[in-house]
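Student: Could you look at this predicted model? Sequence included:
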Amino acid sequence: MLLRRSTRSRRCAAMIGLTVLLLAGAETPAAATLPARTGLGDVRVLARFDRAAGQAAESIAPEPGGGAIVGMIPARQVVRVTRDGTVRPLVTMPLPPGGGGTTPVVGNPVVTGVARSGAGSVYFLYSAGQGGLTGIWQLRRSGGPRLVVPLPADTMPNALVIDGERDRFLVTDSAGGRIWQAPLRHGKASVWSADPALAPTSFFGANGLKIHDGAVWASNSDRGTIVRISVAEDGGSGRAEVRAMGLAGIDDFDFTGHGTEILAAINQADKLVRVNQDGTRETLLDAGDGMQGTTAVVVRGDRAYVTNGANLKGDDSNLLLAELRHR
(Lines give C-alpha, C1' and ligand atoms only; values in the text may rest on other atoms or scores of the structure.)
Protein backbone atom coordinates (compact mmCIF):
# COMPACT_ATOMS: atom_id res chain seq x y z
CA MET A 1 0.00 0.00 0.00
CA LEU A 2 1.16 3.49 -0.77
CA LEU A 3 -0.42 5.23 2.19
CA ARG A 4 1.51 4.62 5.39
CA ARG A 5 -0.70 6.48 7.82
CA SER A 6 -3.40 4.83 9.93
CA THR A 7 -6.89 4.41 8.49
CA ARG A 8 -8.17 7.12 10.76
CA SER A 9 -5.40 9.53 9.72
CA ARG A 10 -5.98 8.78 6.08
CA ARG A 11 -9.67 9.52 6.41
CA CYS A 12 -8.87 12.80 8.11
CA ALA A 13 -6.37 13.70 5.40
CA ALA A 14 -8.89 12.80 2.74
CA MET A 15 -11.43 15.21 4.16
CA ILE A 16 -8.92 18.06 4.18
CA GLY A 17 -9.35 20.21 1.09
CA LEU A 18 -6.61 20.29 -1.54
CA THR A 19 -6.80 23.77 -3.06
CA VAL A 20 -5.00 25.88 -5.60
CA LEU A 21 -5.12 29.59 -4.66
CA LEU A 22 -7.66 31.17 -7.03
CA LEU A 23 -7.35 34.90 -7.07
CA ALA A 24 -9.16 36.62 -9.88
CA GLY A 25 -12.85 37.22 -9.25
CA ALA A 26 -12.90 35.27 -6.00
CA GLU A 27 -15.01 36.71 -3.21
CA THR A 28 -14.83 35.62 0.41
CA PRO A 29 -18.12 33.84 1.08
CA ALA A 30 -20.07 34.15 4.28
CA ALA A 31 -19.62 31.32 6.76
CA ALA A 32 -23.09 30.00 5.99
CA THR A 33 -22.46 29.87 2.25
CA LEU A 34 -19.02 28.31 1.97
CA PRO A 35 -18.53 26.70 -1.45
CA ALA A 36 -18.51 22.95 -1.79
CA ARG A 37 -15.06 21.41 -1.48
CA THR A 38 -13.74 18.15 -2.80
CA GLY A 39 -11.95 15.62 -0.63
CA LEU A 40 -10.35 12.29 -1.42
CA GLY A 41 -11.38 8.83 -0.31
CA ASP A 42 -10.38 5.24 -1.08
CA VAL A 43 -6.90 6.22 -2.29
CA ARG A 44 -5.11 3.19 -3.69
CA VAL A 45 -2.18 2.27 -5.89
CA LEU A 46 -3.47 1.08 -9.24
CA ALA A 47 -0.03 0.27 -10.68
CA ARG A 48 3.65 0.50 -9.82
CA PHE A 49 6.33 1.08 -12.43
CA ASP A 50 9.98 0.07 -12.83
CA ARG A 51 11.77 3.25 -11.80
CA ALA A 52 15.18 1.59 -12.16
CA ALA A 53 14.36 1.05 -15.85
CA GLY A 54 13.50 4.72 -16.31
CA GLN A 55 9.74 4.44 -15.86
CA ALA A 56 9.17 7.78 -14.16
CA ALA A 57 5.42 8.31 -14.63
CA GLU A 58 4.80 11.74 -16.16
CA SER A 59 1.33 12.07 -17.68
CA ILE A 60 -2.09 10.40 -17.76
CA ALA A 61 -4.84 9.82 -20.31
CA PRO A 62 -7.69 7.80 -18.75
CA GLU A 63 -9.39 5.14 -20.85
CA PRO A 64 -12.95 3.80 -20.74
CA GLY A 65 -13.28 0.99 -18.25
CA GLY A 66 -10.92 2.40 -15.63
CA GLY A 67 -7.49 1.97 -17.21
CA ALA A 68 -5.11 4.67 -18.43
CA ILE A 69 -2.36 5.55 -20.87
CA VAL A 70 0.77 6.84 -19.09
CA GLY A 71 3.84 8.60 -20.50
CA MET A 72 7.22 7.61 -19.04
CA ILE A 73 10.39 9.68 -18.69
CA PRO A 74 13.25 8.92 -19.25
CA ALA A 75 12.32 5.44 -20.48
CA ARG A 76 10.87 7.18 -23.58
CA GLN A 77 7.82 4.95 -23.28
CA VAL A 78 4.07 5.03 -23.49
CA VAL A 79 2.40 2.28 -21.46
CA ARG A 80 -1.14 1.07 -20.94
CA VAL A 81 -2.38 0.33 -17.42
CA THR A 82 -5.47 -1.88 -17.28
CA ARG A 83 -8.13 -1.60 -14.60
CA ASP A 84 -6.53 -4.51 -12.71
CA GLY A 85 -3.13 -2.77 -12.63
CA THR A 86 -1.40 -4.69 -15.40
CA VAL A 87 1.26 -2.58 -17.15
CA ARG A 88 1.96 -3.13 -20.85
CA PRO A 89 4.43 -0.98 -22.83
CA LEU A 90 2.93 0.24 -26.11
CA VAL A 91 5.98 1.95 -27.59
CA THR A 92 9.57 2.82 -26.71
CA MET A 93 10.90 5.72 -28.73
CA PRO A 94 14.34 5.34 -30.32
CA LEU A 95 17.27 7.43 -29.21
CA PRO A 96 18.30 10.16 -31.65
CA PRO A 97 21.48 9.63 -33.66
CA GLY A 98 24.41 10.03 -31.30
CA GLY A 99 22.29 9.06 -28.29
CA GLY A 100 20.67 12.42 -27.62
CA GLY A 101 21.68 14.62 -24.74
CA THR A 102 20.62 17.83 -26.51
CA THR A 103 16.99 18.07 -25.31
CA PRO A 104 16.35 21.58 -23.96
CA VAL A 105 16.33 21.94 -20.17
CA VAL A 106 16.36 18.21 -19.34
CA GLY A 107 19.19 16.99 -21.57
CA ASN A 108 18.18 13.43 -22.40
CA PRO A 109 15.28 12.57 -24.75
CA VAL A 110 11.93 12.15 -22.96
CA VAL A 111 8.33 11.17 -23.59
CA THR A 112 6.06 13.61 -21.77
CA GLY A 113 2.38 14.40 -22.42
CA VAL A 114 -0.17 11.86 -23.60
CA ALA A 115 -3.71 12.31 -24.92
CA ARG A 116 -6.50 10.05 -26.12
CA SER A 117 -9.09 11.15 -28.67
CA GLY A 118 -12.76 10.31 -28.38
CA ALA A 119 -12.25 7.75 -31.15
CA GLY A 120 -9.51 6.03 -29.17
CA SER A 121 -6.43 7.35 -30.99
CA VAL A 122 -3.39 7.72 -28.71
CA TYR A 123 -1.06 10.69 -29.11
CA PHE A 124 2.08 11.57 -27.18
CA LEU A 125 4.93 14.07 -27.06
CA TYR A 126 8.56 13.23 -27.70
CA SER A 127 11.27 15.78 -26.94
CA ALA A 128 14.56 14.73 -28.51
CA GLY A 129 16.47 17.97 -29.06
CA GLN A 130 16.46 17.29 -32.80
CA GLY A 131 14.19 18.25 -35.65
CA GLY A 132 12.32 15.37 -37.25
CA LEU A 133 11.92 13.65 -33.87
CA THR A 134 10.58 16.34 -31.53
CA GLY A 135 6.83 16.82 -31.75
CA ILE A 136 3.42 15.15 -31.50
CA TRP A 137 3.37 11.45 -32.32
CA GLN A 138 0.47 9.08 -32.91
CA LEU A 139 0.46 5.45 -31.91
CA ARG A 140 -0.90 3.66 -34.96
CA ARG A 141 -3.19 0.66 -34.61
CA SER A 142 -0.41 -1.42 -36.11
CA GLY A 143 1.62 -0.56 -33.02
CA GLY A 144 4.22 1.68 -34.61
CA PRO A 145 4.51 5.43 -33.91
CA ARG A 146 4.36 8.15 -36.54
CA LEU A 147 5.20 11.84 -36.26
CA VAL A 148 2.06 13.87 -37.02
CA VAL A 149 3.17 17.36 -35.95
CA PRO A 150 6.88 18.26 -35.94
CA LEU A 151 8.01 20.89 -33.45
CA PRO A 152 11.26 22.88 -33.47
CA ALA A 153 14.30 21.19 -31.94
CA ASP A 154 14.65 23.92 -29.31
CA THR A 155 11.22 23.26 -27.81
CA MET A 156 10.48 21.18 -24.72
CA PRO A 157 6.90 19.98 -25.36
CA ASN A 158 5.39 18.96 -22.05
CA ALA A 159 1.58 18.80 -21.86
CA LEU A 160 -0.71 17.77 -24.70
CA VAL A 161 -4.42 18.57 -24.99
CA ILE A 162 -6.90 17.82 -27.77
CA ASP A 163 -9.21 20.79 -28.30
CA GLY A 164 -12.14 18.96 -29.85
CA GLU A 165 -14.24 22.08 -30.31
CA ARG A 166 -11.65 23.60 -32.65
CA ASP A 167 -10.11 20.37 -34.02
CA ARG A 168 -6.61 21.17 -32.85
CA PHE A 169 -3.83 20.15 -30.55
CA LEU A 170 -2.50 22.48 -27.86
CA VAL A 171 0.98 21.91 -26.40
CA THR A 172 2.93 23.66 -23.66
CA ASP A 173 6.59 24.41 -24.34
CA SER A 174 8.37 24.50 -20.98
CA ALA A 175 11.67 25.75 -22.40
CA GLY A 176 10.24 28.53 -24.54
CA GLY A 177 7.38 29.53 -22.24
CA ARG A 178 4.83 29.15 -25.02
CA ILE A 179 1.68 27.28 -26.00
CA TRP A 180 1.71 25.82 -29.51
CA GLN A 181 -1.30 24.88 -31.62
CA ALA A 182 -1.66 22.57 -34.61
CA PRO A 183 -4.62 21.18 -36.59
CA LEU A 184 -5.59 17.62 -35.75
CA ARG A 185 -5.13 16.67 -39.38
CA HIS A 186 -2.38 17.68 -41.78
CA GLY A 187 -1.22 21.01 -40.42
CA LYS A 188 1.85 22.82 -39.18
CA ALA A 189 2.38 24.00 -35.63
CA SER A 190 2.29 27.68 -34.75
CA VAL A 191 2.66 29.61 -31.52
CA TRP A 192 -0.77 30.20 -29.98
CA SER A 193 0.44 32.23 -27.00
CA ALA A 194 3.81 33.51 -25.84
CA ASP A 195 2.46 35.62 -23.00
CA PRO A 196 5.15 36.58 -20.45
CA ALA A 197 3.12 34.79 -17.74
CA LEU A 198 4.12 31.50 -19.41
CA ALA A 199 7.85 32.20 -19.44
CA PRO A 200 10.35 30.34 -17.23
CA THR A 201 12.60 32.16 -14.77
CA SER A 202 15.25 29.45 -14.38
CA PHE A 203 14.02 25.97 -15.34
CA PHE A 204 10.44 25.18 -16.47
CA GLY A 205 7.87 27.73 -17.54
CA ALA A 206 4.50 26.60 -18.95
CA ASN A 207 3.90 23.00 -17.86
CA GLY A 208 0.40 21.60 -17.22
CA LEU A 209 -2.44 22.46 -19.60
CA LYS A 210 -6.24 22.20 -19.51
CA ILE A 211 -9.25 23.62 -21.35
CA HIS A 212 -11.98 24.70 -18.94
CA ASP A 213 -15.14 26.75 -19.37
CA GLY A 214 -14.11 28.13 -22.75
CA ALA A 215 -10.60 29.19 -21.72
CA VAL A 216 -7.10 27.70 -21.79
CA TRP A 217 -5.37 27.23 -18.42
CA ALA A 218 -1.66 26.53 -17.92
CA SER A 219 0.62 26.10 -14.91
CA ASN A 220 4.04 27.73 -14.63
CA SER A 221 6.45 25.62 -12.57
CA ASP A 222 9.07 28.31 -11.94
CA ARG A 223 6.57 30.98 -10.97
CA GLY A 224 4.27 28.67 -8.98
CA THR A 225 1.21 29.97 -10.80
CA ILE A 226 -1.79 28.90 -12.83
CA VAL A 227 -2.69 31.19 -15.71
CA ARG A 228 -6.04 31.54 -17.47
CA ILE A 229 -5.95 32.65 -21.12
CA SER A 230 -9.18 33.64 -22.81
CA VAL A 231 -9.94 32.36 -26.31
CA ALA A 232 -10.95 34.83 -29.01
CA GLU A 233 -13.82 34.18 -31.40
CA ASP A 234 -11.38 33.14 -34.12
CA GLY A 235 -9.66 30.69 -31.75
CA GLY A 236 -6.68 32.92 -31.07
CA SER A 237 -5.32 33.72 -27.62
CA GLY A 238 -6.76 36.56 -25.61
CA ARG A 239 -5.72 38.19 -22.36
CA ALA A 240 -3.75 36.13 -19.86
CA GLU A 241 -4.34 36.50 -16.13
CA VAL A 242 -2.83 34.76 -13.12
CA ARG A 243 -5.56 32.87 -11.26
CA ALA A 244 -3.47 30.94 -8.73
CA MET A 245 -0.12 31.54 -7.06
CA GLY A 246 2.05 30.23 -4.24
CA LEU A 247 2.44 26.83 -5.91
CA ALA A 248 6.20 26.60 -6.39
CA GLY A 249 7.18 23.50 -8.34
CA ILE A 250 3.66 22.86 -9.69
CA ASP A 251 3.49 20.33 -12.50
CA ASP A 252 0.05 19.28 -13.76
CA PHE A 253 -3.45 20.15 -12.50
CA ASP A 254 -7.13 19.52 -13.21
CA PHE A 255 -10.56 20.81 -12.28
CA THR A 256 -12.77 18.88 -9.84
CA GLY A 257 -16.13 19.79 -11.38
CA HIS A 258 -16.88 22.49 -8.79
CA GLY A 259 -16.36 25.67 -10.81
CA THR A 260 -12.72 26.69 -10.66
CA GLU A 261 -11.75 24.38 -7.80
CA ILE A 262 -8.51 22.64 -8.78
CA LEU A 263 -6.36 19.67 -7.81
CA ALA A 264 -2.67 20.44 -8.34
CA ALA A 265 0.33 18.11 -8.49
CA ILE A 266 3.25 19.82 -6.74
CA ASN A 267 6.23 17.87 -8.04
CA GLN A 268 9.08 19.40 -6.06
CA ALA A 269 7.20 19.33 -2.74
CA ASP A 270 5.72 15.80 -3.19
CA LYS A 271 2.15 17.00 -2.69
CA LEU A 272 -1.33 16.87 -4.09
CA VAL A 273 -2.99 20.18 -3.28
CA ARG A 274 -6.56 21.35 -3.75
CA VAL A 275 -7.02 24.86 -5.05
CA ASN A 276 -10.37 26.19 -3.63
CA GLN A 277 -12.71 28.69 -5.18
CA ASP A 278 -12.51 30.95 -2.12
CA GLY A 279 -8.75 31.40 -2.45
CA THR A 280 -7.57 28.92 0.20
CA ARG A 281 -5.12 26.04 -0.28
CA GLU A 282 -5.01 22.72 1.48
CA THR A 283 -2.80 19.65 1.11
CA LEU A 284 -4.62 16.36 0.60
CA LEU A 285 -1.63 14.04 0.17
CA ASP A 286 2.04 14.58 0.91
CA ALA A 287 5.30 12.69 1.46
CA GLY A 288 3.88 11.12 4.60
CA ASP A 289 1.29 9.45 2.39
CA GLY A 290 3.97 8.20 0.02
CA MET A 291 3.98 11.03 -2.52
CA GLN A 292 7.28 11.10 -4.46
CA GLY A 293 7.64 13.63 -7.25
CA THR A 294 3.91 14.06 -7.91
CA THR A 295 3.70 14.76 -11.63
CA ALA A 296 0.12 14.64 -12.92
CA VAL A 297 -3.54 14.59 -11.94
CA VAL A 298 -6.57 13.95 -14.14
CA VAL A 299 -10.20 14.00 -12.99
CA ARG A 300 -12.82 11.81 -14.66
CA GLY A 301 -16.25 11.95 -13.07
CA ASP A 302 -15.94 11.00 -9.41
CA ARG A 303 -12.39 9.63 -9.73
CA ALA A 304 -8.96 11.20 -9.80
CA TYR A 305 -5.87 9.61 -11.35
CA VAL A 306 -2.54 10.76 -9.86
CA THR A 307 1.00 9.87 -10.92
CA ASN A 308 4.17 9.94 -8.85
CA GLY A 309 7.31 9.96 -10.99
CA ALA A 310 9.94 9.72 -8.23
CA ASN A 311 11.97 11.81 -10.64
CA LEU A 312 13.81 13.90 -8.06
CA LYS A 313 14.05 11.46 -5.17
CA GLY A 314 12.78 8.04 -4.14
CA ASP A 315 12.02 5.05 -6.33
CA ASP A 316 8.25 4.49 -6.04
CA SER A 317 6.91 5.55 -9.43
CA ASN A 318 3.20 4.74 -9.52
CA LEU A 319 -0.34 5.50 -10.64
CA LEU A 320 -2.92 6.19 -7.92
CA LEU A 321 -6.69 6.09 -8.15
CA ALA A 322 -8.79 8.04 -5.66
CA GLU A 323 -12.49 8.64 -5.12
CA LEU A 324 -13.63 12.26 -5.16
CA ARG A 325 -15.95 13.19 -2.32
CA HIS A 326 -17.85 16.45 -2.80
CA ARG A 327 -19.15 18.09 0.35
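Tutor: It's in.
Student: Only C-alpha atoms from now on, for both contacts and neighbour counts.
Tutor: Will do.
Student: what helix or strand does the residue nearest in space to the middle of the chain sit in?
Tutor: Geometric centre of the chain, nearest residue: Asp252, 3.4 Å, by CA atoms, centre = their mean. Using DSSP states H and E, Asp252 sits in strand 250-255.
Student: Which strands and helices lie in contact with that strand?
Tutor: Here strand 250-255 touches strand 206-212, strand 215-220, strand 262-266, strand 294-300, going by 3 or more CA pairs under 8 Å, 6 or more residues apart in numbering; DSSP states H and E.
Student: Against Val87, how distant is Trp217?
Tutor: Per CA to CA, to the nearest Å, Trp217 is found 31 Å from Val87.
Student: Looking at those two, which is more packed in?
Tutor: For the pair Trp217 and Val87, the greater number of neighbours falls to Trp217 (23 against 19), based on other CA atoms under 10 Å.
Student: so what's the more buried one up against?
Tutor: By CA atoms under 8 Å, 6 or more residues apart in numbering, Trp217 lies in contact with Leu209, Lys210, Ile211, Ile226, Val227, Arg228, Ile229.
Student: let's go with 6 Å and repeat that
Tutor: Contact analysis of Trp217 by CA atoms under 6 Å, 6 or more residues apart in numbering lists Leu209, Lys210, Val227, Arg228.
Student: And for the closest residue to it other than its chain neighbours, the neighbour number?
Tutor: Nearest residue to Trp217, sequence neighbours excluded (CA to CA, 6 or more residues apart in numbering): Arg228, at 4.5 Å. Number of residues near Arg228 (other CA under 10 Å) recorded here: 24.
Student: tell me which element Arg228 falls in.
Tutor: Here Arg228 is assigned to strand 225-231, by DSSP H and E.
Student: just checking, what packs against that strand?
Tutor: strand 215-220, strand 237-244 (3 or more CA pairs under 6 Å, 6 or more residues apart in numbering; DSSP states H and E).
Student: so of those, which one's packed in deepest?
Tutor: Most buried of the helices and strands packed on strand 225-231, by mean neighbour count (mean count of other CA atoms under 10 Å): strand 215-220, with a mean of 25.
Student: Within its sheet, name the partner strands of that strand and how each one runs.
Tutor: Strand 215-220 pairs in its sheet with strand 206-212 (antiparallel), strand 225-231 (antiparallel), by DSSP bridges.
Student: in the first one, what counts as buried?
Tutor: The one in question is strand 206-212. By 16 or more other CA atoms under 10 Å, the buried positions in strand 206-212 come out as Ala206, Asn207, Gly208, Leu209, Lys210, Ile211.
Student: Now render those residues as TSV, adding distance to Gly131 and pLDDT.
Tutor: Converted to TSV, the buried residues of strand 206-212 look like this (distance: CA to CA, whole Å; pLDDT from 0 to 100):
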residue	distance to Gly131	pLDDT
Ala206	21	98
Asn207	21	98
Gly208	23	98
Leu209	23	98
Lys210	26	98
Ile211	28	98
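Student: ok, how many other residues are close to Gly314?
Tutor: For Gly314, using other CA under 10 Å, the count is 14.
Student: What separation is there between it and Met72?
Tutor: Taking CA to CA as the measure, Gly314 falls 16 Å from Met72.
Student: Repeat that for Ser193.
Tutor: 27 Å.
Student: Tell me which of the two has more neighbours.
Tutor: Comparing Ser193 with Met72 by other CA under 10 Å, the one with more neighbours is Met72, at 28 against 20.
Student: Figure out the helix or strand that the more buried one lives in.
Tutor: Under the criterion of DSSP H and E, Met72 resides in strand 68-74.
Student: Do I have it right that Ile73 meets Ala56?
Tutor: Yes. Under the criterion of CA atoms under 6 Å, Ile73 makes contact with Ala56 at 5.1 Å.
Student: Compare those two and say which is more crowded by neighbours.
Tutor: Neighbours around Ile73 and Ala56, counted as other CA under 10 Å, are more numerous at Ala56. The numbers are 30 against 23.
Student: The more buried one - that's part of a helix, no?
Tutor: No. Counting by DSSP: H, G, I helix; E, B strand; the rest coil, Ala56 falls outside a helix, being strand.
Student: Is Leu147 in contact with Trp137, as I believe?
Tutor: Yes. With contact defined as CA under 6 Å, Leu147 reaches Trp137; the gap is 4.4 Å.
Student: in its sheet, what does the strand holding Met72 sit against?
Tutor: For strand 68-74, pairing defined by DSSP bridges yields strand 55-62 (antiparallel), strand 77-81 (antiparallel).
Student: Give me the neighbour count for Glu282.
Tutor: Per other CA under 10 Å, the neighbour tally for Glu282 reads 18.
Student: Specify the beta-bridge partners of it.
Tutor: When bridges are called by DSSP bridges, Glu282 pairs up with Arg274.
Student: same check, this time on Leu40
Tutor: Judged by DSSP bridges, the bridge partners of Leu40 are Leu324.
Student: Kindly state the pLDDT recorded for it?
Tutor: Note on Leu40: pLDDT of 96.
Student: which residues touch the strand holding Arg228?
Tutor: By CA under 6 Å, 6+ apart, the surrounding residues in contact with strand 225-231 are 215-219, 237-245, 247.
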